[in-house]
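> Curious how this folds, go ahead:
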Amino acid sequence: MSNDAAHANHVYESANRSSAAASSPIVASWRRCMTMHHLTPEENRKPIFLSEAEFRRARDEASALLAESTDEIDRIFSTVGRAGCCLLLTDAKGVALERRGAAGDDDDFRKAGLWSGALWSEASVGTNGIGTALADERPAVVYRDQHFFSSNINLSCTTAPIRDHRGQVTGALDISTCRDDINELTFSMVTQTVRDAAQRIEGNLFRRAFPGARILIVPPGQSTMLSLLAVDQDDIILGATRAARLALRLDDARIAQGIPASDALKEERHDKGSDLMEAERAALRRVLARTNGNVTQASELLGISRATLHRKMKKLSVH
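Below is the predicted model of the structure:
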């Protein structure tokens with residue numbers, strides 16, 4: 001029996017066992033490919049390519065993602081490009097918008113479909129790093145014969161989804177290789193590189209969405225996901241990353257209502273004063289900080305007398 005036929009038989013047997021699908025995300029993906037997308041593993045299928053007009057439109061729609069990813073893609077490629085790896089940045093549908101690869105590997109990557117304009121969704125090419133990460137909305141590693149199609153078992157892919165400022169998946173970052181001498185241990189190091197870079201891109205997208213806002217880091221707890229809040233000058237939350245939404249039980253409706261960050265974070269107040277007193281204390285401290293503690297200058301900036309300022313400082317315990 002050929003390797004391709006043996007692989008196809010293994011996929012069929014595994015996908016038809018519900019217990020295997022429940023315990024393995026790879027087998028669960030194989031099952032989706034068969035039942036939802038009506039694919040068969042023995043097909044010799046490569047990803048389809050968008051037309052030039054479709055590709056331009058996809059890039060235009062993902063302009064923010066492209067702008068905030070370029071530096072990260074270049075930085076990663078400078079470290080893994082010589083190891084025979086290809087980088088792909090895709091949109092939420094799995095369309096490869098941008099790629100990096102060494103010229104000497106281009107023929108192999110082009111034949112495999114690891115090229116700009118290719119569609120790497122599960123529905124298009126079965127289980128693969130990009131399509132499976134987007135379908136599951138979590139990082140995925142698909143190593144060689146874990147791919148659905150027998151024609152793709154020479155590939156190894158590691159992919160991390162990228163979320164936008166509302167926590168929705170907006171794309172994916174992938175590193176793939178056609179080399180047969182790479183082992184799973186080595187590839188695991190590449191996997192962490194991809195996940196870290198995806199989080200930095202998410203941070204870039206989040207800051208881009210809230211220019212001028214203060215960005216707060218939410219204590220991560222047990223999560224390694226990027227947990228940020230965007231807060232306006234009045235301490236009202238403007239936005240939150242996916243991890244922050246989960247940690248603080250926030251959604252679009254609650255954010256739209258206007259929630260003070262201090263309330264969401266359950267910060268302890270240093271006294272039991274009113275919100276107005278807290279705001280006045282904060283204002284005094286800011287002005288005094290700007291004047292390096294010079295009370296005369298601070299009173300002039302506030303438009304009150306030195307005596308009035310001293311009384312307020314005493315009342316509010318500002319030193």
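
> Check the gap between residue 45 and residue 133 for me.
Residue 45 is 19 Å from residue 133, where distance means C-beta to C-beta, to the nearest Å. Just so you know, the C-beta spots here come from the backbone N, C-alpha and C atoms, and that holds for glycine as well.

> What of residue 144?
Distance, residue 144 to residue 133, using C-beta to C-beta: 17 Å.

> So which of residue 45 and residue 133 has more stuff around it?
The neighbour comparison of residue 45 against residue 133 (other C-beta atoms under 10 Å) goes to residue 133, with 31 against 18.

> List the residues that contact the more buried one.
By C-beta atoms under 8 Å, 6 or more residues apart in numbering, residue 133 lies in contact with 139, 140, 159, 160, 161, 172, 174.

> can you do 7 Å?
139, 140, 159, 160, 161, 172 (C-beta atoms under 7 Å, 6 or more residues apart in numbering).

> any idea which of those is the one closest to residue 232?
Taking C-beta to C-beta as the measure, residue 232 sits nearest to residue 161 out of those, at 28.4 Å.

> Show me what the host helix or strand of the closest one is packed against.
Following DSSP states H and E, the helix or strand that holds residue 161 is strand 156-163. On a contact count with 3 or more C-beta pairs under 7 Å, 6 or more residues apart in numbering; DSSP states H and E, strand 156-163 meets helix 129-136, strand 140-143, strand 169-177, helix 184-209.

> what inclination does that strand have with respect to helix 129-136?
40 degrees (axes from the mean of the first three to the mean of the last three C-alpha atoms, to 10 degrees).

> What angle do helix 184-209 and strand 156-163 make with each other?
For strand 156-163 against helix 184-209, the angle by the same axes, to 10 degrees is 20 degrees.

> mean confidence score for strand 156-163?
When pLDDT is averaged over strand 156-163, the result is 96.

> ok so, going back, out of the contacts of residue 133, which one sits closest to residue 261?
Nearest to residue 261, judged by C-beta to C-beta, of the contacts of residue 133 is residue 161 at 26.5 Å.

> Show residues contacting stretch 227-237.
For stretch 227-237, contacts defined as C-beta under 7 Å, 6+ apart pick out 203, 206, 210, 213-218, 220, 238-241, 243-244, 247, 255, 258-262, 264.

> State the mean pLDDT of it.
Mean predicted confidence for stretch 227-237 is 92.

> Tabulate the contacts of residue 133 (TSV), appending neighbour count.
Converted to TSV, those look like this (neighbours: other C-beta atoms under 10 Å):
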residue	neighbour count
139	19
140	27
159	30
160	26
161	25
172	29
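
> Need those in a markdown table (columns: distance to residue 5).
Converted to a markdown table, the contacts of residue 133 look like this (distance: C-beta to C-beta, whole Å):
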| residue | distance to residue 5 |
| --- | --- |
| 139 | 31 |
| 140 | 26 |
| 159 | 28 |
| 160 | 33 |
| 161 | 33 |
| 172 | 31 |
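
> if we can go back for a sec, between the strand holding residue 161 and strand 169-177, how many degrees?
Comparing the axes of strand 156-163 and strand 169-177 via the same axes, to 10 degrees yields an angle of 160 degrees.

> can you give me how far strand 156-163 is from the chain middle?
9 Å (C-alpha atoms, centre = their mean, to the nearest Å).

> Kindly report the same for stretch 86-93.
Its chain's average C-alpha position is 12 Å from that of stretch 86-93, according to C-alpha atoms, centre = their mean.

> Dump the C-alpha coordinates for it into PDB.
C-alpha atoms of stretch 86-93 as PDB (Å, rounded to 0.1, in the frame of the first residue of the first chain):
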ATOM      1  CA  CYS A  86       7.800  30.400   4.600                       C
ATOM      2  CA  LEU A  87       5.700  33.000   6.400                       C
ATOM      3  CA  LEU A  88       2.100  33.800   5.500                       C
ATOM      4  CA  LEU A  89      -0.300  36.400   6.800                       C
ATOM      5  CA  THR A  90      -3.900  35.700   6.000                       C
ATOM      6  CA  ASP A  91      -7.300  37.300   6.500                       C
ATOM      7  CA  ALA A  92     -10.100  35.800   8.500                       C
ATOM      8  CA  LYS A  93     -11.100  33.700   5.500                       C
END
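
> residues of that stretch that come out buried?
86, 87, 88, 89, 90, 91, 92, 93 (16 or more other C-beta atoms under 10 Å).
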